[in-house]
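A.B. asks: Build me a structure from this.
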Amino acid sequence: NRVGDYSTLMETRSRLARIVFSEVERLGGAGHRVFLGGASQGCTVALDTYLHQARRLLLGGFVGSVGFIPNDHQGFHGATRELERLITDKEQGQRPVWLQCATDDHEHVPWRTAVKPSLCRAEGRLKGLLVREVKGRGHILDEWEGEFMHEFLKACIP
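C.D. replies: A predicted model of the protein is given here:
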């Protein structure tokens with residue numbers, strides 16, 4: 001659960017930022033209508049993109065499962081600073097950031113060593129953060145992901 005190759009991360013960040021910018025542009029600059037999300041590795045890299053782009057593009061929010069909040073320590077250089085900036089942004093920091101975390105995932109995205117420590121930096125500080133802890137399926141959440149997404153959409157999309 002560390003970035004293996006910094007150049008690959010930078011390429012991924014750049015590619016995702018272009019996609020997100022394009023979507024905001026298609027909506028006439030209405031970034032609040034663009035939401036990011038993902039599962040597992042896709043959750044973490046999408047959340048990294050959200051941290052870097054949310055304030056600039058005024059994005060609507062984030063929803064993800066079985067990932068963690070990226071940080072410099074795990075190779076996501078600049079993510080720790082961007083999280084702090086998001087936390088202190090009065091408007092953007094209140095936008096929904098929902099994470100569904102498997103507390104019994106001990107292998108793929110380990111709860112105790114990757115997820116829980118990443119949440120400590122944001123819980124109680126990032127106003128829009130909602131963390132749902134689930135147990136009973138390990139890393140594979142199957143329909144729980146769909147149910148979580150459905151709840152997010154009902155709560156966050158007018």
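A.B. asks: CA only for contacts and neighbour counts going forward, please
C.D. replies: Fine.
A.B. asks: Need the residue closest to the centroid of this protein.
C.D. replies: Averaging the C-alpha coordinates of the chain gives a centre point, and the residue nearest to it by CA atoms, centre = their mean is residue 47 (2.7 Å).
A.B. asks: does that one really touch residue 36, like I thought?
C.D. replies: Yes - under the criterion of CA atoms under 8 Å, residue 47 makes contact with residue 36 at 7.5 Å.
A.B. asks: tell me which residues of the helix of greatest length in the chain are tucked away?
C.D. replies: Across the chain, the longest stretch assigned as helix under DSSP state H is helix 6-26. Using 16 or more other CA atoms under 10 Å as the burial criterion, the residues of helix 6-26 that qualify are 9, 13, 16, 17, 20, 21, 23, 24.
A.B. asks: For residue 94, see how far away the third one is.
C.D. replies: Counting by CA to CA, to the nearest Å, the gap from residue 16 to residue 94 is 23 Å.
A.B. asks: Where do the helices of the protein begin and end?
C.D. replies: Taking DSSP H, the helices of the chain run over residues 6-26, 41-57, 79-88, 116-120, 143-156.
A.B. asks: Any regions of this structure where pLDDT drops low?
C.D. replies: Along the chain, the parts satisfying pLDDT under 70 run over 1-4.
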